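Chemist: I'd like to go over a predicted model; first the sequence, then the structure.
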Amino acid sequence: MKSLALTAGALAAAALVWYAVPSFAEPARRVPAPTADLAAPASAKTETAVFAGGCFWGVQGVFQRVKGVSNAVSGYAGGDAKTARYDEVGSGRTGHAESVRITYDPKQISYGKLLQIYFSVAHDPTELNRQGPDTGTQYRSTVFAENAEQARIAKEYIAQLNQAKTFGKPLATTIEVSKPFYAAEDYHQDYLTLNPSQPYIAINDMPKIDDLKKLFPESYKATPSLVRAAKAS
């Protein structure tokens, strides 16, 4: 993800570079659903899941448009609280990955379904420490499991996709358990919705929204669940 300090002219020029660089990312596809999933708790109204898959603008934008998701917050996971800042995470030396914390209703959508969308359209899980034009460990593909059960489901799902050779090559996705999540700065929240024509978003992220609508019509909602709306309520 490029610096927000870039001028409009620099962004336009950068966009031409991004167009010219060949993409080796896997094309979006609806991968098979996981054979194992978490049962919906009888009493829980909401659950949370944390996924990292490149620049958090696009990952957040995807999950904000998934039915059953009430909130999706961009942030950082994997490192310490003192380095959970955009300017430090961008160095690639903090242990953090740009991540998204998803709050969802397990009676409307399961953890396994969220994982299916994550692997299908939110990012390319075969890329190691990069996504599209962004490189570094801060852009790694990681499931930040909230507990042992989430970790088990994610591990079994990754093994399932690898065994079936769904992508034709091994997934690079890792699993990290019980790592704290830190919300990113306000200017990162809802960035895709607020800036759909920004070159980076238009080139790298808006196609993900189209893929979600096309591949998961039963899970797509046209009105995103925005962070600013959740704060106002």
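Modeler: Ah, there it is.

Chemist: mind listing what's buried along stretch 210-221?
Modeler: 211-212, 215-216, 219-220 (16 or more other C-beta atoms under 10 Å). The C-beta positions use only the backbone N, C-alpha and C, and glycine is treated the same way.

Chemist: distance to I109 and pLDDT added to those, as a markdown table?
Modeler: Converted to a markdown table, the buried residues of stretch 210-221 look like this (distance: C-beta to C-beta, whole Å; pLDDT from 0 to 100):
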| residue | distance to I109 | pLDDT |
| --- | --- | --- |
| D211 | 17 | 97 |
| L212 | 13 | 98 |
| L215 | 15 | 98 |
| F216 | 10 | 98 |
| S219 | 7 | 98 |
| Y220 | 12 | 98 |
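
Chemist: lowest-pLDDT helix or strand in the chain?
Modeler: helix 8-20 (a mean of 42; mean pLDDT, DSSP states H and E).

Chemist: so which elements touch whichever helix or strand comes after it?
Modeler: On the C-terminal side of helix 8-20, the closest following helix or strand by DSSP states H and E is strand 47-53. For strand 47-53, the elements it packs on are helix 56-63, strand 97-104, helix 111-117, strand 141-145, judged by 3 or more C-beta pairs under 8 Å, 6 or more residues apart in numbering; DSSP states H and E.

Chemist: quick one: mean pLDDT for whichever helix or strand comes after the shortest one?
Modeler: Per DSSP H and E, the first helix or strand lying C-terminal to strand 141-145 is helix 148-163. The average of the pLDDT scores along helix 148-163 is 98.

Chemist: V227: neighbouring residues, count only.
Modeler: 22 (other C-beta atoms under 10 Å).

Chemist: which pLDDT does the model give it?
Modeler: At V227, pLDDT is 96.

Chemist: residues contacting it?
Modeler: 71-74, 189-190 (C-beta atoms under 8 Å, 6 or more residues apart in numbering).

Chemist: now it: how far from T137?
Modeler: 25 Å (C-beta to C-beta, to the nearest Å).

Chemist: over to P34?
Modeler: 26 Å.

Chemist: re earlier: kindly compare burial across the helices and strands packed on strand 47-53 and name the winner.
Modeler: helix 56-63 (a mean of 28; mean count of other C-beta atoms under 10 Å).

Chemist: any idea how far it is from the chain center?
Modeler: 5 Å (C-alpha atoms, centre = their mean, to the nearest Å).

Chemist: which one is the residue nearest the centre of the chain nearest to, not counting chain neighbours?
Modeler: Residue closest to the average C-alpha location in the chain (C-alpha atoms, centre = their mean): V59, at 3.1 Å. Nearest non-adjacent residue to V59, counting by C-beta to C-beta, 6 or more residues apart in numbering: V100, 4.6 Å away.
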